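Visitor: give me the fold of what follows.
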Amino acid sequence: MSIPTTQKAVLIEGDKAVVKSNVPVPELSEGTVLLKIEAVAGNPTDWKHVAYGLGPQGSILGCDVAGTVVKLGPNASDFVKVGDTGCSFVHGASQAEPTNGGFAEYAKVHPDMFYKAKLTHTTAEDITEGPVKYFETAASLPVSLTTAGMILTYNLGTKLKWHPSTPQHDYPLLIWGGATAAGQQLIQLAKNLNAYTKIVVVASKKNETLLKSFGADDIFDYHDADVIEQIKSKYPNLQHVVDAVSTPESFVQAYKATADDSPATLLQLTMLSAKDIPEADQKENVKIDTTLLYRSSGTEVKLGPWTLPALPEYREATRKFIKFVNPYVESGEIHHMNIHVFKNGLTDVPELTEGIKNGKNKNVKYVASL
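Guide: Okay, the predicted model is just below:
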């Protein structure tokens, strides 16, 4: 097929996400491939790149993509070939590569960050969680699944073993925000890796049946005023806590749930730190850690005022995780979450992004089908 030189894409313009035509198709660099995008999914990081000035003006937004490989760059890995379908992620609106983002008709991706899967399109608007079969459901997976994988393996030291006979950590895991995209993948992975003695989840009770089907053992409702007291009375010594919501409010709550005496780690997904914990609540035994999938580039990452140094070992850990888990995505053992599909392609992306910003996507992933 012939590949055009320009495309439609969603760019940062002022303080808005705007659909533009005649945007250059990204040039392939060493070891990359070109994906013709069939579906994209929205993430909170998309609107944050606009609202907080993290992405440069005129840069292409979007991280989660599913599509078909249409061209191989110089020395691209033989893992993928032209015609392969699957899903991947890019750093949309990045300062390093502003011309390459997911909310576009074409994107440049790295083969070792690509989940292969046989995919077709669906006409459905609302899709219940299940095995990945469609471009629309595959697009929901790369950021959340890979983030969950890096939390458990790179940050918390879980080994890549499917269904080991004994729990890898001899204590429970608490996930604050079990119904978030990352939370749902964390539950599934922690269960299949037999990572902990129990998977304890904070979420709305209405999601209890779904989250228990994924592997959650115990659910606490964050709406309860005494939720921290409930958790601490039953699990007084939580050594690993993940804040999958990662707002200033959830961060303080999750911190309070950690063990008071044993060494504990609280893992969050933004740039929050000990400075964001009220002095009266601070504990010397708690280490605060973070995972940011942008570091899978292995190179220096600039995010607004922050500069994150190159972390080649993070890239290697990401590559290993994707290679390990890809067969379980293909076999249907890893499920996507509930999906709502926007049918007007990139035209719908500004509305989709705004909906995520305003919290309309409770327990559902917003996807646009191209």
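
Visitor: from here on, contacts and neighbour counts on C-alpha atoms
Guide: OK.

Visitor: spatially nearest residue to residue 152, not counting backbone neighbours?
Guide: Distance criterion CA to CA, 6 or more residues apart in numbering; nearest residue to residue 152, sequence neighbours excluded, is residue 158 at 5.4 Å.

Visitor: can you count the residues close to the one you found?
Guide: Residue 158 is flanked by 20 other residues according to other CA atoms under 10 Å.

Visitor: what comes into contact with stretch 137-148?
Guide: 39-42, 63-66, 86-89, 115, 119, 127, 132, 181-183, 185-186, 189, 291-293, 318, 321-322, 336-337, 339, 365-367 (CA atoms under 8 Å, 6 or more residues apart in numbering).

Visitor: one more: stretch 76-83?
Guide: Contact with stretch 76-83 is made by 30-33, 68-72, 111-112, as judged by CA under 8 Å, 6+ apart.

Visitor: now, which of the residues you listed sits nearest residue 264?
Guide: residue 112 (32.5 Å; CA to CA).

Visitor: so the closest one sits against residue 319, correct?
Guide: Yes. With contact defined as CA atoms under 8 Å, residue 112 reaches residue 319; the gap is 5.7 Å.

Visitor: remind me which residues of this protein are low pLDDT?
Guide: Of all residues in the chain, none has pLDDT under 70.

Visitor: what about residue 112 and residue 319, which has more around it?
Guide: residue 112 (21 against 18).

Visitor: quick one: the helices in the stretch 51-200 of the chain?
Guide: 135-138, 142-150, 181-192 (DSSP state H, counting those that start in this stretch).

Visitor: nearest to residue 59, of those helices?
Guide: helix 142-150 (19.4 Å).

Visitor: what angle separates the closest one from helix 181-192?
Guide: If you take axes from the mean of the first three to the mean of the last three CA atoms, to 10 degrees, helix 142-150 sits at 40 degrees to helix 181-192.

Visitor: residue ranges of the helices in the stretch 201-350 of the chain, please?
Guide: Under the criterion DSSP H, counting those that start in this stretch, helices of the stretch 201-350 of the chain are mapped to 208-214, 227-234, 248-257, 312-330, 349-357.

Visitor: and these as CSV, adding distance to residue 171?
Guide: Formatted as CSV, these follow (distance: least, CA to CA, whole Å):
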stretch, distance to residue 171
helix 208-214, 19
helix 227-234, 13
helix 248-257, 14
helix 312-330, 23
helix 349-357, 34
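
Visitor: for those helices, which one sits closest to residue 19?
Guide: Among the helices of the stretch 201-350 of the chain, the nearest to residue 19 by CA to CA is helix 349-357 (7.7 Å).

Visitor: tell me the helices and strands packed up against that closest one.
Guide: Packing partners of helix 349-357 (3 or more CA pairs under 8 Å, 6 or more residues apart in numbering; DSSP states H and E): strand 16-24, helix 44-51, strand 365-369.

Visitor: direction included, what does the longest one pair up with?
Guide: If I follow you right, that is strand 16-24. Sheet partners assigned to strand 16-24 using DSSP bridges are listed as strand 6-13 (antiparallel).

Visitor: distance between the partner strand and the chain's centre?
Guide: Averaged C-alpha coordinates place strand 6-13 at 22 Å from its chain's average position (CA atoms, centre = their mean, to the nearest Å).

Visitor: quick check: angle from that strand to helix 349-357?
Guide: Per the same axes, to 10 degrees, the angle that strand 6-13 makes with helix 349-357 is 40 degrees.

Visitor: CA atoms only for strand 6-13, dumped as CSV, please.
Guide: The C-alpha coordinates for strand 6-13 follow below in CSV (Å, rounded to 0.1, in the frame of the first residue of the first chain):
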residue,chain,number,x,y,z
THR,A,6,0.5,13.9,5.5
GLN,A,7,-2.3,12.8,7.8
LYS,A,8,-5.0,13.9,10.2
ALA,A,9,-3.9,14.2,13.9
VAL,A,10,-4.9,15.7,17.2
LEU,A,11,-2.5,18.5,18.3
ILE,A,12,-2.0,20.8,21.3
GLU,A,13,-3.1,24.3,20.3
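
Visitor: what lies in contact with that strand?
Guide: Contact with strand 6-13 is made by 17-25, 50, 55-61, 93, 103-106, 346, 349-350, as judged by CA under 8 Å, 6+ apart.

Visitor: show me the contacts for residue 276.
Guide: Here residue 276 is in contact with 248, 252 (criterion: CA under 8 Å, 6+ apart).

Visitor: that one and residue 291, how far apart?
Guide: According to CA to CA, to the nearest Å, residue 276 and residue 291 sit 17 Å apart.

Visitor: give me the domain ranges for this protein.
Guide: The record assigns the chain these domain ranges, following automatic domain parsing: 6-141+325-369, 146-291.

Visitor: ranking these by burial, who's on top?
Guide: Ranked by mean neighbour count, the domains of the chain are led by domain 6-141+325-369 with a mean of 21 (mean count of other CA atoms under 10 Å).

Visitor: compute the first-to-last residue distance for it.
Guide: First-to-last residue span, domain 6-141+325-369, CA to CA: 20 Å.

Visitor: check stretch 271-279 too.
Guide: First residue to last in stretch 271-279 (CA to CA) measures 18 Å.

Visitor: ok, now stretch 180-199?
Guide: With CA to CA, one end of stretch 180-199 sits 15 Å from the other.

Visitor: I figured residue 191 hits residue 215, correct?
Guide: Yes. Contact criterion CA under 8 Å: residue 191 and residue 215 qualify, at 5.5 Å.

Visitor: list residues touching both of those two?
Guide: Contact with both residue 191 and residue 215 is made by residues residue 199, according to CA under 8 Å, 6+ apart.
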